[in-house]
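Colleague: structure, please.
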Amino acid sequence: MRVLFVDDSTAIGELLQRRFAPPRLAPDHSPIEMIIATDYQKALAAIREDDFSRFDVVIVESSATGAAEVSRQILNEVRRTPVIGIVLTAAPSVEDCVESMRAGASDYVAKVGTIEHIAQRILKGLERVAEARGEIDLDALFVDRHFDELAETYAGRWIAVGRGRLLSAADTYADLSAEVKTMAVSGSKFWRMPPPANTRL
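Modeller: Numbers count the residues shown, from 1 in each chain. Just a heads-up that it's a prediction; the model follows:
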């Protein structure tokens with residue numbers, strides 16, 4: 001899977017390249033390729049020319065000098081595609097976050113976080129792309145990652161999982177079903193912990 005990183009500096013992009021270097025793999029088990037672009041206009045032109053066929057996630061640093069407007073243009077291109085757009089900024093604010101989301105961003109990350117924090121947000125974006133393609137099941141992935149914890153905490157109970165997170169738990173399926181409906185959650189999946197082998201309800 002391919003990630004386009006747009007920033008006027010290569011420092012963070014190079015750290016992320018090392019973070020995602022083999023043998024680390026994307027959620028669909030393919031290598032992760034980080035492409036770094038320091039020229040915003042060229043990045044925008046490349047995105048338009050390639051119609052996003054080469055990228056799965058685009059992360060753009062919007063607080064660089066003179067980058068605000070072209071960052072919005074990049075996000076506007078992203079919003080019309082399956083590509084996940086992420087805004088990275090050194091000057092986070094509620095107003096900027098709202099504007100970024102309106103422009104087409106799917107996520108908003110402050111530069112004050114660690115490289116690992118940024119990397120995890122990129123991985124979340126890649127997971128969403130892979131799920132949309134039918135290559136992974138985020139709900140099943142969540143249960144696999146947290147199986148021991150869930151089995152210990154909710155032993156003998158039903159759990160509802162949606163969008164890769166625990167939604168609710170109850171003693172019976174009927175109780176859980178009512179609870180989930182009250183939460184107006186659609187597309188949830190249900191497991192009894194520990195779940196029967198190879199069973200998805």
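Colleague: rest of the way, CA atoms for contacts and neighbours
Modeller: Will do.
Colleague: the longest helix along the chain - what's its average pLDDT?
Modeller: Across the chain, the longest stretch assigned as helix under DSSP state H is helix 115-132. For helix 115-132, the mean per-residue pLDDT is 92.
Colleague: now stretch 163-174
Modeller: Stretch 163-174 shows a mean pLDDT of 89.
Colleague: ok, which stretches of the chain are helices?
Modeller: 11-19, 40-50, 68-78, 94-103, 115-132, 138-145, 147-153, 173-182.
Colleague: of the ones you listed, which is nearest Leu167?
Modeller: Of all these, helix 173-182 sits nearest to Leu167, with 7.7 Å by CA to CA.
Colleague: in the closest one, which residues are buried?
Modeller: 173, 176-177, 179-180 (16 or more other CA atoms under 10 Å).
Colleague: now do stretch 89-97
Modeller: Applying 16+ other CA under 10 Å to stretch 89-97 flags 89, 92, 96-97 as buried.
Colleague: show me what that stretch is in contact with.
Modeller: Around stretch 89-97, the neighbours that count as contacts under CA atoms under 8 Å, 6 or more residues apart in numbering are 61-63, 108-112.
Colleague: got the domain boundaries for this structure?
Modeller: Per automatic domain parsing, the structural domains of the chain span 2-132, 138-192.
Colleague: gap between Pro22 and Ala119?
Modeller: 14 Å (CA to CA, to the nearest Å).
Colleague: those two - which one has more neighbours?
Modeller: Each of Pro22 and Ala119 has its neighbours counted (other CA atoms under 10 Å); Ala119 has more, 16 against 12.
Colleague: thought Met193 was touching Ala155, still the case?
Modeller: Yes: using CA atoms under 8 Å, Ala155 is in contact with Met193, at 5.1 Å.
Colleague: between these two, point out the one with more neighbours.
Modeller: The residue with more neighbours, out of Ala155 and Met193, is Met193; 20 against 16, by other CA under 10 Å.
Colleague: now do Thr153: how many residues are near it, please.
Modeller: Residues near Thr153, counting by other CA under 10 Å: 11.
Colleague: what's the pLDDT at it?
Modeller: If you check Thr153, the pLDDT there is 92.
Colleague: distance of it from Ala169?
Modeller: Distance of Thr153 to Ala169, given as CA to CA: 10 Å.
Colleague: re the thing from before, and which of the buried residues of helix 173-182 is nearest Gly125?
Modeller: Closest approach between those and Gly125, by CA to CA: Val180, at 25.4 Å.
Colleague: for Ser100, what are its contacts?
Modeller: 72, 75, 87, 108.
Colleague: whoops, I mixed them up, Ala170
Modeller: Ala170 makes contact with 157-159, 176 under the criterion CA under 8 Å, 6+ apart.
Colleague: now it: closest residue in space, sequence neighbours ignored.
Modeller: The spatial neighbour of Ala170 that comes closest, neighbours along the chain excluded (CA to CA, 6 or more residues apart in numbering), is Leu176 at 5.1 Å.
Colleague: which ones are touching that neighbour?
Modeller: 158-160, 168-170.
Colleague: how about those in JSON lines, adding distance to Ala103?
Modeller: JSON lines is the format used below for the contacts of Leu176 (distance: CA to CA, whole Å):
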{"residue": "Trp158", "distance to Ala103": "39"}
{"residue": "Ile159", "distance to Ala103": "36"}
{"residue": "Ala160", "distance to Ala103": "33"}
{"residue": "Ser168", "distance to Ala103": "33"}
{"residue": "Ala169", "distance to Ala103": "36"}
{"residue": "Ala170", "distance to Ala103": "40"}
